[in-house]
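[1] sequence-free structure coming up:
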């Protein structure tokens, strides 16, 4: 069981997000990648190509078993909280495709209680018990503020993106500690993923993700995320 975490959305384009790491770190799952990445994580970064580094990072972030967690998303504008959602997330591994099947239940605020989202493969559905209606969603649609639906369900980096190694770079993590990282450019392998491209910095010493930038098809920067406070 993973601890509750907060996802703080700040200003779009300007400062963008700083998320407490575990939200994306725990919600970007990879079943097959985790199995392959576990072996890669034991290797030296210099011995791995870009896709193997990404798989090793997936193995650090992703559980290989079914699990549940509670996530709180908090939206801020001008340093003041403006909205929040609390979600219960249940995930079960699908060994056939390396993904997790996700069921998300809204538990707060009161207006959203017992609404559901279901992610099965690349299909995402929303159910509202008040209308008893089911609607298919895009992972790119906004859930809260700048948080997209795809930010709280499966995004399998090693499966859904082709990785390119851009080099090594020292960057500050979410606690402003400098980390020596491999910098990867990720390009979407299909058009069902939440973001068209991603730049991600992965710690060269332990394969933990440190920072990521998420881009639209136009090349516009949508958000920046920092990963920290790993726990399990």
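    Alright, I've got the coordinates. Every value quoted in this text rests on a predicted model; they were computed, and no experiment measured them.
[2] from here on, contacts and neighbour counts on C-alpha atoms
    Will do.
[3] residue 225 touches residue 212, doesn't it?
    Yes - Residue 225 is within contact range of residue 212, at 5.3 Å (criterion: CA atoms under 8 Å).
[4] between these two, which one's more packed in?
    The residue with more neighbours, out of residue 225 and residue 212, is residue 225; 24 against 19, by other CA atoms under 10 Å.
[5] now that one. Its backbone dihedrals?
    Dihedral angles of residue 225 (phi, psi; degrees, to the nearest 10) stand at phi -120, psi 140.
[6] from residue 141, how far out is it?
    Going from residue 225 to residue 141 by CA to CA, to the nearest Å gives 18 Å.
[7] also residue 107?
    Distance from residue 107 to residue 141, by CA to CA: 20 Å.
[8] quick one: which of these two has more around it?
    The neighbour comparison of residue 107 against residue 141 (other CA under 10 Å) goes to residue 107, with 19 against 14.
[9] okay, and the residue in the chain sticking out farthest from the centre sits in which element?
    Going by CA atoms, centre = their mean, the residue of the chain most distant from its centre is residue 131, 29.8 Å out. Assigned by DSSP states H and E, residue 131 belongs to neither a helix nor a strand.
[10] so who does it touch?
    Residues near residue 131 by CA atoms under 8 Å, 6 or more residues apart in numbering: none.
[11] go on, residue 180?
    By CA under 8 Å, 6+ apart, residue 180 lies in contact with 168-171, 203-205.
[12] could you find the closest non-adjacent residue to it?
    In space, and not counting its chain neighbours, residue 180 is closest to residue 170: 4.4 Å by CA to CA, 6 or more residues apart in numbering.
[13] so what's the residue count around that neighbour?
    15.
[14] shouldn't it be in contact with residue 179?
    Yes - between residue 170 and residue 179 there is a contact under CA under 8 Å: 5.4 Å.
[15] contacts only, for residue 209.
    Counting by CA under 8 Å, 6+ apart, residue 209 touches 25, 57, 200-203, 227.
[16] one more pass at 6 Å, please.
    Contact analysis of residue 209 by CA atoms under 6 Å, 6 or more residues apart in numbering lists residue 202.
[17] and if you look at the one 5 residues further on?
    Residues counted as contacts of residue 214 (CA under 6 Å, 6+ apart) are 198, 222-223.
[18] bridged to it, which residues?
    residue 198, residue 223 (DSSP bridges).
[19] shift numbering so it begins at 56
    Shifting the count to begin at 56 puts that one at residue 269.
[20] give me the pLDDT for it.
    Residue 269 carries a pLDDT value of 92.
[21] please report how far it lies from residue 137.
    Taking CA to CA, one finds residue 269 at 23 Å from residue 137.
[22] what is the neighbour count of the closest residue to residue 146 other than its chain neighbours?
    Once flanking residues are discounted, residue 146 sits nearest to residue 157: 4.6 Å by CA to CA, 6+ apart. For residue 157, the count of nearby residues is 24 (other CA under 10 Å).
[23] got it, and residue 262?
    By other CA under 10 Å, neighbour count at residue 262 equals 26.
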